[in-house]
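S.K.: Sharing a model that was predicted from the sequence below.
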Amino acid sequence: MHLLISTILLRPYVFLFLAAYLFISIVNFGLRTTAIFTVLTYVVALGCEWSSVHNGFPFGLYHYIPATAGREIWVFGVPFMDSLSFTFLSFASYTVALILVAPIQWDGLDLRLYDTRSIRRSPRVWLMSALFMVMIDLVIDPITVLGNRWFLGKIFWYDPPGPHFGVPISNYLGWFFVAVIAVALFQFLDARMAGGTRKPMGVMPHLPLRWLLGPTLYLGIVAFGITVAFYIDAPTIAWSSIFIFLPFLTLAANTLTRPGSRATEADVKRHLEDFPYDARPAHAPLAPATVKQPTGSVRLD
């Protein structure tokens with residue numbers, strides 16, 4: 001218990017992100033899915049990190065420096081907070097992919113997501129989530145290598161250093177590997193644990209902006225990394241991260257505001273067939289459904 005409290009005090013930013021993730025995941029996907037996903041993803045990440053430390057797979061070979069071994073929890077030679085971070089990073093990436101793929105409806109400043117179970121477990125969402133998680137690491141790992149220049153501390157080193165600000169390319173391939181497993185686990189658990197028509201425990205279907213909370217967590221993590229890069233006087237890392245995410249944010253904003261992303265009445269019907277507990281009166285008009293006529297023309301009803 002002493003080490004747990006010390007770990008939280010030493011890495012408060014990690015546990016703030018973790019607390020935000022737990023709340024967001026529970027209100028959107030339920031308590032059981034969140035709890036089991038957290039444990040399984042942590043175990044997968046821990047196994048991959050242990051493997052990389054010993055044989056270089058999947059992140060490439062690196063070595064932890066046990067300078068904080070008496071001040072925070074370590075598990076099998078890996079800092080507890082390091083493997084734990086994969087849970088909220090993979091989840092945040094998944095929510096970004098989901099909101100960009102599923103039909104949406106804006107109701108003032110609120111955004112409603114009319115997804116289906118097939119969309120949630122689609123290969124498109126799966127692979128997009130993994131790529132978005134790698135994008136986060138393009139910001140995180142370069143500043144982690146420079147941990148001695150901020151409050152993280154020098155906790156590890158790559159053997160040998162890589163071409164991307166000291167980070168090897170194998171590290172990003174490893175993150176993609178872990179993300180593919182983590183998101184697949186989440187899709188599987190969400191389909192099994194939240195199956196049927198009953199509302200999963202903890203889900204709050206009428207909470208305003210609940211589908212924007214996950215992407216906000218994603219952007220918060222990115223902003224944290226960029227801020228740290230400027231703070232430690234690493235402007236090249238900071239600006240390269242900005243130029244990575246600026247086109248992505250532009251495309252995401254375009255996707256969320258274009259008329260083609262608006263939910264139709266058919267989208268709402270399919271959504272409520274899978275999630276009947278999400279039914280609520282709509283205040284914003286839905287996009288008209290498109291109906292193909294026998295002549296091949298398209299008419300708006």
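M.R.: Arrived safely.
S.K.: Quick one: list the elements packing against the strand or helix carrying residue 87.
M.R.: Using DSSP states H and E, residue 87 falls within helix 80-101. Judged by 3 or more C-beta pairs under 8 Å, 6 or more residues apart in numbering; DSSP states H and E, helix 80-101 is in contact with helix 12-29, helix 31-55, strand 110-113, helix 117-120, helix 123-145, helix 169-193, helix 210-231, helix 235-257. Glycine gets a C-beta too; all of them are placed from N, C-alpha and C.
S.K.: May I see those arranged in TSV, with mean neighbour count, mean pLDDT and distance to residue 88 as well?
M.R.: Output for those, formatted as TSV (neighbours: other C-beta atoms under 10 Å; pLDDT from 0 to 100; distance: least, C-beta to C-beta, whole Å):
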stretch	mean neighbour count	mean pLDDT	distance to residue 88
helix 12-29	19	96	3
helix 31-55	18	96	9
strand 110-113	18	90	19
helix 117-120	17	94	18
helix 123-145	20	97	10
helix 169-193	19	94	11
helix 210-231	19	97	7
helix 235-257	14	95	18
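S.K.: List just the one of those that sits closest to residue 271.
M.R.: Nearest to residue 271, of all these, is strand 110-113, at 8.2 Å by C-beta to C-beta.
S.K.: just to revisit the earlier point, including distance to residue 103, could the helices and strands packed on helix 80-101 go into a markdown table?
M.R.: Formatted as a markdown table, these follow (distance: least, C-beta to C-beta, whole Å):
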| stretch | distance to residue 103 |
| --- | --- |
| helix 12-29 | 16 |
| helix 31-55 | 22 |
| strand 110-113 | 8 |
| helix 117-120 | 9 |
| helix 123-145 | 13 |
| helix 169-193 | 18 |
| helix 210-231 | 12 |
| helix 235-257 | 11 |
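S.K.: Can you check which of the ones you listed gets nearest to residue 156?
M.R.: helix 123-145 (7.8 Å).
S.K.: Show me what that closest one is packed up against.
M.R.: Secondary-structure packing of helix 123-145 (3+ C-beta pairs under 8 Å, 6+ apart): helix 80-101, strand 156-158, helix 169-193, helix 210-231, helix 235-257.
S.K.: one more time with 10 Å, if that's ok
M.R.: On a contact count with 3 or more C-beta pairs under 10 Å, 6 or more residues apart in numbering; DSSP states H and E, helix 123-145 meets helix 80-101, helix 117-120, strand 156-158, helix 169-193, helix 210-231, helix 235-257.
S.K.: which stretch among these comes nearest residue 280?
M.R.: Of all the helices and strands packed on helix 123-145, the one in closest proximity to residue 280, counting by C-beta to C-beta, is helix 210-231 (12.1 Å).
S.K.: Centre-most residue in the protein?
M.R.: Centroid-nearest residue in the chain: residue 92, 2.0 Å away (criterion: C-alpha atoms, centre = their mean).
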